[in-house]
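Asker: Requesting a structural model of the entry that follows:
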Amino acid sequence: MIKRIAIIAGETSGDILAARLIKALHIHNPDLVFEGIAGPEMQSMGCKSLYPMETLSVMGLVEVLKHLPTLIKVRRELIQRWTQNPPDLFIGVDAPDFNLPLAKRLHAKGIKTAHYVSPSVWAWRQGRVKKMQDAIDLMLTLFPFEVEFYRQHQIKAVFVGHPLADEIQWEGDRWVARQALGVTSTASKVIALLPGSRLGEIERLLPPFLQAAEQLIQRYPECTFIIPAAHTKARIAIEALCKQYSPELPITLVNGQSRTVMQAADYILLASGTAVLEGMLSGRLMVAAYQVAPLTAWLLRTFKLLKVKYVTLPNNLANERLVPELLQEQVNAENIVIEMEKLMALTPTERDYCLGRFKTLQQQLQQQASTTAAAAIVQQFNI
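Answerer: Okay, the predicted model is just below:
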């Protein structure tokens, strides 16, 4: 009997996770049919996309408000569609602010639900976990400590590891990566700048990144810089900002290939997010930065919504500051230069310690995640 699975991803990282999961589930049952909100990776695996994935690509508390009417409309239409013609299973892939309320409504209609990538309820807005108790039949977690948190709240969870740990080459050859990118410079310090994939991130973070790069090259003339553009709109924005802030800076701008860019780099300056985990799994030293809208930052601080000591995943996993973090007003050229110079000045012993901790975490997360997640779903739901 052909079974139908509803599945939703909200951004590029979720699209990749979902595509790998679809592929692994098809090994168990080649006749499975998938539909929902899908990016190009999911669609290449045969998933029918009912709306553009970019509809859900919104971050922050305040930033989402202007998109709220569209998000509500899409959710309402999906509830109607899947209530009238129920799927055998709904899988939300990340995008918790959209997927979890949708899962709750579908679950109330008798539809089984799973969520892949635990939302960071252990980090902030912990009250959300109570809403999951009547919404999620199975939580698939990327990190081992999350399982116990859910067990304490009577939600079944399975640690499946992180797909990126299975895919990303540890300490890949820098010269091979540079050749692949067409970087022929003999500079002894190659620095990757990754200001994010969303236009808002790029507009906030790239100017101070470029200003810091200008200072660094004055002090270290052997530096050169690489920036990956996640998509066409990102490239246009990056080119405009580079022309405005640092027209003479030696920058190689490439389309996509962020992982290859990381492998090519000696050091990385990047937006906090999944990319920091990718940098850790690549075995590269990094400085992470992030800014949200001022009102969002005020809400987070005033209501103490953050429950963790660190923002980046490597630091939270290790419970120590392996990756320097610059947030909000700390994100300026002077602070970035200070932290980058600290990385450059690490002794061999200090460098080996940091990379050794990264390697240990990488090994913990290598669990053949897509295969493990698919097996957990098949066992739980008899797909």
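
Asker: Any buried residues in the helix or strand harbouring Ile5, and which?
Answerer: Applying DSSP states H and E as the criterion places Ile5 in strand 4-9. By neighbour count with 16 or more other C-beta atoms under 10 Å, strand 4-9 contains the buried residues Ile5, Ala6, Ile7, Ile8, Ala9. For every residue, glycine as well, the C-beta is placed using N, CA and C.

Asker: Tell me how far the residue positioned nearest the centre of the chain lies from Ser13.
Answerer: Per C-alpha atoms, centre = their mean, the C-alpha nearest to the average position across the chain is that of Thr274, at 2.9 Å. Taking C-beta to C-beta, to the nearest Å as the measure, Thr274 falls 5 Å from Ser13.

Asker: again with Pro207
Answerer: In this structure, Pro207 and Ser13 are separated by 25 Å, where distance is defined by C-beta to C-beta.

Asker: Which parts of this protein are strands?
Answerer: Secondary structure of the chain, counting by DSSP state E: strands at 4-9, 33-38, 48-52, 89-93, 113-116, 138-141, 157-159, 189-194, 223-229, 251-255, 267-271, 285-290, 325-327.

Asker: Dump those strands to TSV, plus distance to Ile27.
Answerer: Conversion of the strands of the chain to TSV gives the following (distance: least, C-beta to C-beta, whole Å):
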stretch	distance to Ile27
strand 4-9	14
strand 33-38	14
strand 48-52	20
strand 89-93	16
strand 113-116	17
strand 138-141	17
strand 157-159	18
strand 189-194	33
strand 223-229	32
strand 251-255	32
strand 267-271	34
strand 285-290	35
strand 325-327	39
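
Asker: So which of those is the most surrounded?
Answerer: Between the strands of the chain, strand 89-93 has the highest mean count of neighbours, a mean of 27, where neighbours are mean count of other C-beta atoms under 10 Å.

Asker: Kindly format the C-alpha coordinates of that one as CSV.
Answerer: Extracted in CSV, the C-alpha atoms of strand 89-93 (Å, rounded to 0.1, in the frame of the first residue of the first chain):
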residue,chain,number,x,y,z
LEU,A,89,2.5,10.9,8.8
PHE,A,90,3.5,14.6,9.1
ILE,A,91,7.2,15.3,9.5
GLY,A,92,8.3,18.9,10.4
VAL,A,93,11.9,19.5,9.6
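
Asker: Now do that strand and strand 33-38, the angle between them.
Answerer: Direction vectors for strand 89-93 and strand 33-38, defined by axes from the mean of the first three to the mean of the last three C-alpha atoms, to 10 degrees, enclose an angle of 30 degrees.

Asker: Show me what strand 89-93 is in contact with.
Answerer: 3, 5-10, 14, 17-18, 21, 82, 98-100, 102-103, 106, 111-117, 377, 381, 383 (C-beta atoms under 8 Å, 6 or more residues apart in numbering).

Asker: next one: stretch 154-168
Answerer: Surrounding stretch 154-168, the residues in contact under the criterion C-beta under 8 Å, 6+ apart are 16-17, 20, 118, 129, 132-133, 136-144, 146-147, 149-151, 259, 274, 277-278, 281-282, 362, 365-370, 372-373, 376, 380.

Asker: Name the single longest helix found in this protein.
Answerer: As assigned by DSSP state H, the longest helix anywhere in the chain is helix 199-219.

Asker: which of the residues in that helix are buried?
Answerer: Of the residues in helix 199-219, those scored as buried under the neighbour-count criterion (16+ other C-beta under 10 Å) are 200-202, 204-213, 216-217.

Asker: next one: stretch 356-373
Answerer: Burial within stretch 356-373, assessed by neighbour count using 16+ other C-beta under 10 Å, is assigned to Arg357, Phe358, Leu361, Gln362, Leu365, Gln366, Gln367, Ala369, Ser370, Thr371, Thr372, Ala373.

Asker: Can you check the pLDDT for the last one?
Answerer: If you check Ala373, the pLDDT there is 98.

Asker: how close does it sit to Lys130?
Answerer: From Ala373 to Lys130 the distance is 24 Å (C-beta to C-beta).

Asker: do the fifth one as well
Answerer: Shown here: Leu365 relative to Lys130, a distance of 28 Å by C-beta to C-beta.

Asker: Then Gly110?
Answerer: 21 Å.

Asker: what about those two, which has more around it?
Answerer: Shown here are Gly110 and Lys130; by other C-beta atoms under 10 Å, Lys130 has more neighbours (12 against 8).

Asker: Go ahead and confirm the more buried one touches His153.
Answerer: Yes. The pair Lys130 / His153 is scored as a contact, 7.3 Å apart, by C-beta atoms under 8 Å.

Asker: Buried residues of stretch 233-240, list them for me.
Answerer: Taking 16+ other C-beta under 10 Å as the basis for neighbour counts, the residues of stretch 233-240 that come out buried are Ala234, Arg235, Ala237, Ile238.

Asker: would CSV of the residues you listed with pLDDT be doable?
Answerer: Rendered in CSV, the data for the buried residues of stretch 233-240 read as follows (pLDDT from 0 to 100):
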residue, pLDDT
Ala234, 94
Arg235, 97
Ala237, 97
Ile238, 98
